[in-house]
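Trainee: Sequence and predicted structure below; questions after.
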Amino acid sequence: MATDVTAPMSGRISEVLCKVGDQVNCEDELMVLEALKMENPIWAPVDGKIVEIRVAAGAMVESNQLLLIIE
């Protein structure tokens, strides 16, 4: 079953810490979202494998935008 990971708020992706094919555990840090001059980590909500990444470092994202998919 696939799990979508979405942006909790609008901002800029300053760092992508994973790649397609990586195995991740629940609460692993996947990305860093910069918003309101603060760095906000994006955590894995489930254990699984990264099957798709929809954004790159430097990308501007909106609240609830799909960032990646974990299967």
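Mentor: Cool, got the structure.
Trainee: And for Thr6, the neighbour number?
Mentor: Thr6 has 15 neighbouring residues, counting by other CB atoms under 10 Å. From N, CA and C alone the C-beta is placed, and that goes for glycine too.
Trainee: Bridged to it, which residues?
Mentor: Beta bridges link Thr6 to Leu66, judged by DSSP bridges.
Trainee: In contact with it: list those residues for me.
Mentor: By CB atoms under 8 Å, 6 or more residues apart in numbering, the contact list for Thr6 reads 64-67.
Trainee: which one of those has the most neighbours?
Mentor: Going by other CB under 10 Å, Leu67 tops these with 21 neighbours.
Trainee: Wait, it touches Met31, no?
Mentor: Yes - between Leu67 and Met31 there is a contact under CB atoms under 8 Å: 6.4 Å.
Trainee: All the strands of this structure, residue numbers only.
Mentor: 3-6, 11-16, 23-24, 29-35, 38-43, 48-53, 60-61, 66-70 (DSSP state E).
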